[in-house]
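In: I would like to see how this sequence folds:
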Amino acid sequence: MFSAAVSTALVGATVAFGAGSAAAVEPIAQPDRIGVQLSHAETRMVADGPIPAVVTMFVPLNRIGVGLKADTAIYKDENGGVHASLRQTIVEAANHSDGTITLFLNAPGTRNGRVLDVYQNWS
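Out: From the prediction side, this is the model:
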């Protein structure tokens with residue numbers, strides 16, 4: 001089972017390694033998960049860095065949820081399955097001039113067993 005310590009470490013790693021020292025990371029707390037809203041620059045740094053690969057070394061893709069924008073180019077099947085890597089999802093957002101991502105680490109046993117949720121944002 002994915003522990004709270006590992007979840008906290010992943011958020012910390014995203015902030016420390018992905019966003020850099022000038023980070024303006026916006027934390028988000030909900031009853032069953034914690035998260036961060038990254039700026040465009042932070043999203044770009046995460047897309048270009050090691051965080052997506054490191055995360056998927058510990059979190060299987062079937063435990064990562066993705067909230068795709070309606071105009072995404074990423075394929076989503078009729079059952080809602082997203083056919084893209086974590087990096088592809090983040091890169092697509094980063095490639096928009098105002099693209100950002102929101103990352104959530106879910107409490108164990110919530111959100112249909114998903115550990116991590118990633119939402120794309122752009123206008």
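
In: in stretch 70-87, what's buried?
Out: For stretch 70-87, the neighbour count (16 or more other CB atoms under 10 Å) marks 72, 82, 84, 86-87 as buried. For glycine as for every other residue, the C-beta is placed from the backbone atoms N, C-alpha and C.

In: repeat for stretch 54-63
Out: 55-56, 59, 63.

In: go through the residues you listed and flag which are in helices.
Out: Counting by DSSP state H, the buried residues of stretch 54-63 place 55-56 in helices.

In: tabulate the buried residues of stretch 54-63 in CSV, adding columns for pLDDT and distance to Gln30.
Out: Below are the buried residues of stretch 54-63 laid out as CSV (pLDDT from 0 to 100; distance: CB to CB, whole Å):
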residue, pLDDT, distance to Gln30
Val55, 95, 20
Thr56, 95, 23
Val59, 94, 19
Arg63, 95, 18
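
In: can you tell me which of the buried residues of stretch 54-63 lies closest to Asp98?
Out: Of all the buried residues of stretch 54-63, Val55 has the smallest distance to Asp98: 23.8 Å, by CB to CB.

In: ok, that closest one to Val25 distance?
Out: According to CB to CB, to the nearest Å, Val55 stands 16 Å off from Val25.

In: gap between the nearest residue to Gly67 once chain neighbours are set aside and His83?
Out: Nearest non-adjacent residue to Gly67, counting by CB to CB, 6 or more residues apart in numbering: Tyr119, 3.7 Å away. Tyr119 is 17 Å from His83, where distance means CB to CB.
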